[in-house]
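When you get a sec, could you give me coordinates for this:
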Amino acid sequence: MSLLSLEQISVAFGHNPLLSKISFAAEAGERVAIIGRNGAGKSTLLKVISGEQVADEGMVRIEGGMKVAQLPQELPDANEKTVREVVSEGAGEAHSLMTRYFKLLEDFENDHANELSDIQTELDRIQGWDLEQRVNHMIQRLALPADKLMSELSGGWRRRVILAQALISNPDVLLLDEPTNHLDVPTIEWMEQQLQQFRGLILFITHDRRFLEKLANRIIELDRGNLISFSGNITAFLAFKEKMLEEEERANALFDKRLAEEEVWIRQGIKARRTRNEGRVRALKALREERSERINRQGNAKMAIETKDKSGKLVAEFTQVGHSFEDKVILQPMDFVVNRGDRIGLIGPNGCGKSTFLKILLGDLEPTAGVVRQGTKLNVAYFDQLREQLDPEQTVAENVGEGKDVIEINGQNKHVIGYLGDFLFPPERARTPVKALSGGERNRVLLAKLFTRPANLLIMDEPTNDLDVETLELLEELLMSYDGTLLLVSHDRAFLDNVVTSVIAFEGEGRVKEYVGGYQDWIRQGGKFPTESTSQTDDIPSKKEKARADAKKVEEDKKNSVQAKPKAKLSYKMQREFDNMPATIAKLEEEIAALHVTTSAPEFYTDDADKVQKTLAKLAHKEEELETTMERWLELEEMQNG
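Numbers count the residues shown, from 1 in each chain. Next up is the predicted model:
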């Protein structure tokens, strides 16, 4: 049975149809990827489904009683709310009622008996009394620091928090718009595992091809206002789409040939015009109208990097270079050489020191230890992740041309409007303020601006954010043919594999090591991220952490033959249960760790679908069993210590 169905949905802005009478239905268990070019209407489609935007025509149907939750593209505010408060807000009505209930209880001066009674009735109706328990469960499941303030968290951790906020309502439909933005690779892989265990319907937009490959089991593409639906993974879809486009081109060629023949006929001499068939004339008019309504596919961007005169063979050399901020070691002393023509990827969790490394290499920061030697004839072009090089109030043309109408590209003068056409900006869009552009369009503006500057050392910090797949692939080809030196910071695993020839991995505690090859080569050579990158240090231990610590303490006490004095409040049977729990917890954790190794393998999801689902179900069951055991452990401990 379909959880969600769209019937003849249309949305247009001005004369441009974003969605043109599209229809589709989706069921529980489907993980539907919405793909398409920048500006094709992907985010608009999610907004129509969530109810944020009303369609011009058509109807959205969600099965009665089904809950819809959304993970927005923007990061939540770095405010002074605690993680627990933000997660609780996802419960909606239950959170509002509980907040009001406790506020009234604290007001001793006034009688609120009637309102309290009404709130109690509503909480009973929506089963809202277990909200705190559900919040605790979600915080433990996603390993969140409950009492940290949002202002204390990185972008990746705030993304985790709003995922918990979306899941707390136990939604049946989950909408995700670019969920991997601002996340490092360990957190992206963690999110993949979380979403693979979700039993409802997921609709998501992403330009992360590896994330798309691992998660999607159905693809829908928005193309020129229409929707193409395909059951299967992205690889199979791309093969199907290529054949479909070939058929479309053949059909268009036949149509254009017929139209040309009819145009020749109607322009024949006087005699032909006297005897011409009026039905044929009407048919020609219909052909002309059909041709005028055909929406041609948007072309591909045309990018070219202007390379400055070659740099010296040596670009940079580190001799026992190390760096620390107060007591925190960012880089342990290391030797490292960058030669002309190297294409190097920098990988590691957010905040591990990649930006510091680049600043030291460029001479913008003096290391606390060691010597940096820079090469000669360096001309640097820098792609800024935060797009601070763009003035949002200026137009696209003003940002790229910097006040000039004509710019020099590879020794030739070119009008800035024509140049921007190579980056898929038509004249009217080139005169639009940058603040009105989508994230993908802003990235294209920055690329256009960057490539006007001759450079033999190109440094790119997250250039792939928000770019559509076609532009990503073109950028890959461009960088692979670039004969200068490239330093690339990216969390896009596929992009790294396709572009770089070596990686510098930040492996925790200031350890930095170079590996030959891309991201997958690093994995094959035994590379792994530090365990601290996937958990947040919290001064107040979670329930799970406390249970584990307590279990370890009891196990140590047993080994040291320290006899604990039996407590009167535990029966003999309960005492035995309590004593056996450390071993039970340890066994469950071993089984879960083994299952995580299995499900993290790249080939796991290419196996038989039933086998994959059974393994994931087993993992979910074991995790639930562990949480139940830990809660029972704490309950017995409280009774014993009571």
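
so where do the strands sit in the stretch 351-500 of the chain?
When secondary structure is read from DSSP state E, counting those that start in this stretch, the stretch 351-500 of the chain shows strands at 369-374, 380-383, 406-409, 412-415, 457-461, 485-489.

can you list those in CSV and add mean neighbour count, mean pLDDT and distance to residue 93?
Just so you know, the C-beta spots here come from the backbone N, C-alpha and C atoms, and that holds for glycine as well. Output for those, formatted as CSV (neighbours: other CB atoms under 10 Å; pLDDT from 0 to 100; distance: least, CB to CB, whole Å):
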stretch, mean neighbour count, mean pLDDT, distance to residue 93
strand 369-374, 14, 92, 57
strand 380-383, 18, 80, 45
strand 406-409, 14, 83, 56
strand 412-415, 11, 85, 57
strand 457-461, 22, 87, 42
strand 485-489, 23, 91, 43
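
Turn those into a markdown table, including distance to residue 213.
Below are the strands of the stretch 351-500 of the chain laid out as a markdown table (distance: least, CB to CB, whole Å):
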| stretch | distance to residue 213 |
| --- | --- |
| strand 369-374 | 39 |
| strand 380-383 | 25 |
| strand 406-409 | 36 |
| strand 412-415 | 38 |
| strand 457-461 | 23 |
| strand 485-489 | 21 |
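
Contact partners for residue 24?
Residue 24 makes contact with 5, 6, 220, 227, 229, according to CB atoms under 8 Å, 6 or more residues apart in numbering.

in what helix or strand does the third one lie?
Take DSSP states H and E as the rule and residue 220 turns out to sit in strand 218-223.

With just CA atoms, put that strand into PDB.
C-alpha atoms of strand 218-223 as PDB (Å, rounded to 0.1, in the frame of the first residue of the first chain):
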ATOM      1  CA  ARG A 218      14.700   3.700  -6.300                       C
ATOM      2  CA  ILE A 219      15.600   6.800  -8.400                       C
ATOM      3  CA  ILE A 220      13.300   9.500  -9.600                       C
ATOM      4  CA  GLU A 221      14.800  12.200 -11.900                       C
ATOM      5  CA  LEU A 222      13.300  15.600 -12.600                       C
ATOM      6  CA  ASP A 223      14.100  16.600 -16.100                       C
END
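
For that strand, which strands pair with it and how are they oriented?
Within its sheet, strand 218-223 is paired with strand 31-35 (parallel), strand 226-231 (antiparallel), according to DSSP bridges.

give me the beta-bridge partners of the closest residue to residue 43 other than its chain neighbours?
Take residue 43 and drop its neighbours on the chain: the residue closest to it by CB to CB, 6 or more residues apart in numbering is residue 177, 5.8 Å away. Beta-bridge partners of residue 177, counted by DSSP bridges, are residue 205.

thought residue 177 was touching residue 52?
No: in this structure residue 177 lies outside contact range of residue 52 using CB atoms under 8 Å: 10.9 Å.

Give me the buried positions along whatever helix or strand residue 577 lives in.
Assigned by DSSP H and E, residue 577 falls within helix 572-600. By neighbour count with 16 or more other CB atoms under 10 Å, helix 572-600 contains the buried residues 574, 575, 578, 581, 582, 584, 585, 588, 591, 592, 595, 599.

same question, stretch 622-641
622, 623, 626, 627, 629, 630, 631, 632, 633, 636, 637, 640.

How about stretch 244-257?
For stretch 244-257, it's none, nothing buried (16+ other CB under 10 Å).

one step back: so which of the buried residues of helix 572-600 comes closest to residue 242?
residue 599 (31.3 Å; CB to CB).

Tell me who's in contact with the closest one.
Applying CB under 8 Å, 6+ apart to residue 599 gives the contacts 193, 196, 615, 616, 619.

Tell me which stretches of the stretch 1-150 of the chain form helices.
42-50, 83-89, 93-106, 113-126, 131-141 (DSSP state H, counting those that start in this stretch).

got a list of what residue 519 touches?
So residue 519 contacts 185, 345, 347, 493, 496, 497, 503 (CB under 8 Å, 6+ apart).

List the ones among those that fall in helices.
Judged by DSSP state H, helices contain the following of the contacts of residue 519: 185, 493, 496, 497.

Could you dump those into TSV and include distance to residue 320, neighbour count and pLDDT?
Below are the ones in helices among the contacts of residue 519 laid out as TSV (distance: CB to CB, whole Å; neighbours: other CB atoms under 10 Å; pLDDT from 0 to 100):
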residue	distance to residue 320	neighbour count	pLDDT
185	28	21	83
493	31	23	88
496	27	25	90
497	31	19	89
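
just those now: which is nearest residue 473?
Looking across these and measuring by CB to CB, the closest to residue 473 is residue 497, at 13.0 Å.

What residues does the closest one make contact with?
518, 519, 520, 521.

By neighbours, which of those wins?
Highest neighbour count within those: residue 519, with 25 neighbours (other CB atoms under 10 Å).
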